[in-house]
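Participant: this one's structure only:
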């Protein structure tokens, strides 16, 4: 059937699920390309041939501290793979399949400056509340029948914790800037465009329930990281970013919140490593109940203010979608 409205932009792939399947295909292709390119770049950077670089990669993930320039190598690997797995496929999908522009991810009206400040403060205020979800998730204990699965999940988590500890052991300001780009800016752009800008939007288009769309996209956002003992707190953050997008109608507010969340941890780790602060933010200590309660009250109040004052041109859905 021919489109009777020439101003309505129509996706090249009809139907929500079909277009999302195409998006997944783009991501899988991008992931494959990203991994191949990362290996090639690392082979050149580490001065290794194709065969020996495979052994180096195995050791890089298990014992990165024993690889010369291992920190830089991990950053190259992570940045390359993330760009080709998340940001580039999402942009190609949005431009080519949906036939839209970056501006279509947000309304034409920008939120007033207090909304940006509130979003910034909200992420920091939410940390104590989310620490309780981190604590609950870390204490997850599966039934005996699933002991094999639990052991695999624990081993995976231990491997990731080794890499995280190594990547956040930097004391150089230059390393901090590199980490802010690779671990903070790239994920903030790629993951928010993908999970909030595209997936949340497409799910709302199909399900017509914004709350289901927000929480479902947040669950997918958390699951795709394959950190099972961090699933719950990451899903809560995904939902927080989703509501910021919904209530402001501006994806850049969610991107800012994502950037602040990741960047705050990196900056605090840097300050701890150089001895300027004694608090190690990565330590999993229980926070006082009073602090968690205050965090909940403040976070709820800020969310309420953003909901009342956010300029929404639609339920977090691009114009003319």
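Facilitator: Good, I have the coordinates. From a predicted model like this one, the values you see are computed outputs, not experimental measurements.

Participant: can you give me the helices in the stretch 151-300 of the chain?
Facilitator: Remark: helices assigned in the stretch 151-300 of the chain by DSSP state H, counting those that start in this stretch are 173-179, 186-191, 201-207, 210-223, 231-248, 251-273, 289-309.

Participant: per-residue confidence averaged over the longest one?
Facilitator: Helix 251-273 shows a mean pLDDT of 96.

Participant: swap in the fifth one?
Facilitator: Predicted confidence along helix 231-248 averages 96 (mean pLDDT).

Participant: now for that helix, which elements pack on it?
Facilitator: helix 113-125, helix 127-138, helix 210-223, helix 251-273, helix 289-309 (3 or more Cβ pairs under 8 Å, 6 or more residues apart in numbering; DSSP states H and E). For every residue, glycine as well, the C-beta is placed using N, CA and C.

Participant: returning to what we had before: please identify the deepest-packed of the helices of the stretch 151-300 of the chain.
Facilitator: Mean neighbours per residue, mean count of other Cβ atoms under 10 Å, is largest over the helices of the stretch 151-300 of the chain for helix 231-248, with a mean of 24.

Participant: From the chain's centroid, how far away is that one?
Facilitator: 10 Å (Cα atoms, centre = their mean, to the nearest Å).

Participant: swap in stretch 116-126?
Facilitator: Between the centre of stretch 116-126 and the centre of its host chain there is 17 Å, according to Cα atoms, centre = their mean.

Participant: circling back: kindly reformat the helices and strands packed on helix 231-248 as TSV containing distance to residue 244.
Facilitator: Below are the helices and strands packed on helix 231-248 laid out as TSV (distance: least, Cβ to Cβ, whole Å):
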stretch	distance to residue 244
helix 113-125	6
helix 127-138	15
helix 210-223	10
helix 251-273	5
helix 289-309	7
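
Participant: so which of the ones you listed comes closest to residue 149?
Facilitator: With Cβ to Cβ as the criterion, residue 149 lies closest to helix 210-223 of these, at 14.9 Å.

Participant: Give me the contact list for the closest one.
Facilitator: Outside helix 210-223, the residues within contact range by Cβ atoms under 8 Å, 6 or more residues apart in numbering are 191, 195-196, 199-201, 203-204, 207, 230-232, 234-239, 241-243, 246, 315-316.

Participant: Where among the helices and strands packed on helix 231-248 is average confidence lowest?
Facilitator: Looking at the helices and strands packed on helix 231-248, the bottom one is helix 127-138 with a mean of 91.

Participant: Outside of that helix itself, list whatever touches it.
Facilitator: 229-233, 236-237, 264, 284, 286-287, 291-292, 294-296, 299.

Participant: Also stretch 227-241?
Facilitator: Residues from elsewhere that reach stretch 227-241, judged by Cβ under 8 Å, 6+ apart: 122-123, 126, 130-131, 133-134, 136-138, 140, 153-154, 156-157, 160, 192, 195-196, 214-215, 217-219, 221-223, 225, 254, 257-258, 261.

Participant: again, 6 Å this time
Facilitator: Stretch 227-241 is contacted from outside by 130, 133-134, 137-138, 153, 157, 196, 214-215, 218-219, 221-222, 254, 257-258, using Cβ atoms under 6 Å, 6 or more residues apart in numbering.

Participant: what ranges do the helices span in the stretch 1-150 of the chain?
Facilitator: Ranges of helices in the stretch 1-150 of the chain, per DSSP H, counting those that start in this stretch, are 16-46, 50-62, 70-82, 88-92, 113-125, 127-138, 147-167.

Participant: what angle do the fifth one and helix 289-309 make?
Facilitator: With axes from the mean of the first three to the mean of the last three Cα atoms, to 10 degrees applied, the angle from helix 113-125 to helix 289-309 works out at 160 degrees.

Participant: Enumerate the positions of helix 113-125 that are buried.
Facilitator: Buried residues in helix 113-125, counted by 16 or more other Cβ atoms under 10 Å: 115-116, 118-120, 122-123, 125.

Participant: Just the closest of those residues to residue 34, please.
Facilitator: Residue 34 has its nearest neighbour among the buried residues of helix 113-125 in residue 123, at 28.0 Å by Cβ to Cβ.

Participant: That closest one against residue 257, yeah?
Facilitator: Yes. Residue 123 lies in contact with residue 257 (Cβ atoms under 6 Å); the separation is 5.0 Å.

Participant: Find residues that contact each of the two.
Facilitator: Between them, residue 123 and residue 257 share no contacting residue under Cβ under 6 Å, 6+ apart.
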